[in-house]
Structures are given as structure tokens and as C-alpha cells.
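>>> I would like the atomic coordinates for the input below:
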Amino acid sequence: MISLISYAFMTLSAFLNRGFRPLEESGEGVVSSAVAVVIFSALGVAMWFAFRNTMDTATSMVSSQISQLGN
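Alright, predicted model coming up:
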């Protein structure tokens with residue numbers, strides 16, 4: 001009896017889940033890819049500015065140390 005009730009419940013839930021699926025999902029991969037590209041390009045720009053700032057600071061510190069060596 002319990003197995004019959006569980007079978008009926010599983011069949012009903014499977015039937016109900018089919019009714020709530022979207023009918024058209026053809027553009028979902030394109031949208032997800034576009035979002036990923038935008039996120040990665042924003043991260044790339046942020047990393048470039050951080051790298052450039054680090055290199056500018058390092059260059060100025062090295063130049064300062066080299067100028068002190070001559071004195």
C-alpha cells in the first residue's frame with residue numbers, strides 16, 4: 001500500500017513539474033555567455049589598472065633608490 005502511494009506521489013510530482021518548465025530556452029546560453037564576457041572584461045580592466053598602479057609605484061621607488069646611490 002505504501003509503495004502504491006509513493007508511486008502515485010512520484011507520478012503526480014513528475015507530471016506537475018513538466019507543466020512548469022518554460023517552453024522556449026533557445027537564447028539562454030547566449031545570454032549567459034554575454035554576462036560572463038562582461039564580468040570577465042570588467043575584471044580584466046580592474047586587474048590592468050591594479051597592475052599599472054603597482055608598476056608605476058615600483059618604477060618610482062626604483063628610480064628613487066637609484067638616484068640615492070649616486071649621491
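>>> and the helices in the protein?
Here the chain has its helices, by DSSP state H, at 2-19, 28-69.
>>> could the ones you listed go into JSON lines alongside mean pLDDT?
As requested, those are exported to JSON lines (pLDDT from 0 to 100):
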{"stretch": "helix 2-19", "mean pLDDT": "69"}
{"stretch": "helix 28-69", "mean pLDDT": "92"}
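>>> now mean neighbour count too, for the ones you listed, in JSON lines please.
No exception for glycine: its C-beta is placed from N, CA and C like everyone else's. Below are those laid out as JSON lines (neighbours: other Cβ atoms under 10 Å):
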{"stretch": "helix 2-19", "mean neighbour count": "9"}
{"stretch": "helix 28-69", "mean neighbour count": "10"}
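>>> any idea how far Gln65 is from Val45?
Counting by Cβ to Cβ, to the nearest Å, the gap from Val45 to Gln65 is 31 Å.
>>> no no, Leu4
When Leu4 is compared with Gln65 (using Cβ to Cβ), they lie 84 Å apart.
>>> same check on Thr57?
13 Å.
>>> next one: Ala36
43 Å.
>>> for Trp48, same thing?
From Trp48 to Gln65 the distance is 26 Å (Cβ to Cβ).
>>> spit out the contact partners of Phe51.
Contact partners of Phe51, counting by Cβ atoms under 8 Å, 6 or more residues apart in numbering, are absent.
>>> gap between stretch 49-69 and the chain center?
33 Å (Cα atoms, centre = their mean, to the nearest Å).
>>> output that stretch as CSV, restricted to C-alpha atoms.
Extracted C-alpha coordinates of stretch 49-69, given in CSV (Å, rounded to 0.1, in the frame of the first residue of the first chain):
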residue,chain,number,x,y,z
PHE,A,49,44.6,49.3,-13.5
ALA,A,50,45.9,47.5,-10.4
PHE,A,51,48.9,46.2,-12.4
ARG,A,52,49.6,49.6,-13.9
ASN,A,53,49.4,51.3,-10.5
THR,A,54,51.8,48.6,-9.0
MET,A,55,54.3,49.0,-11.8
ASP,A,56,54.2,52.8,-11.6
THR,A,57,54.8,52.7,-7.8
ALA,A,58,57.6,50.2,-8.3
THR,A,59,59.2,52.2,-11.0
SER,A,60,59.2,55.4,-9.0
MET,A,61,60.7,53.6,-5.9
VAL,A,62,63.4,52.0,-8.0
SER,A,63,64.2,55.4,-9.6
SER,A,64,64.4,56.9,-6.2
GLN,A,65,66.7,54.3,-4.9
ILE,A,66,69.0,54.5,-7.9
SER,A,67,69.2,58.3,-7.6
GLN,A,68,70.3,57.9,-3.9
LEU,A,69,73.1,55.5,-5.0
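>>> all set now, cheers.
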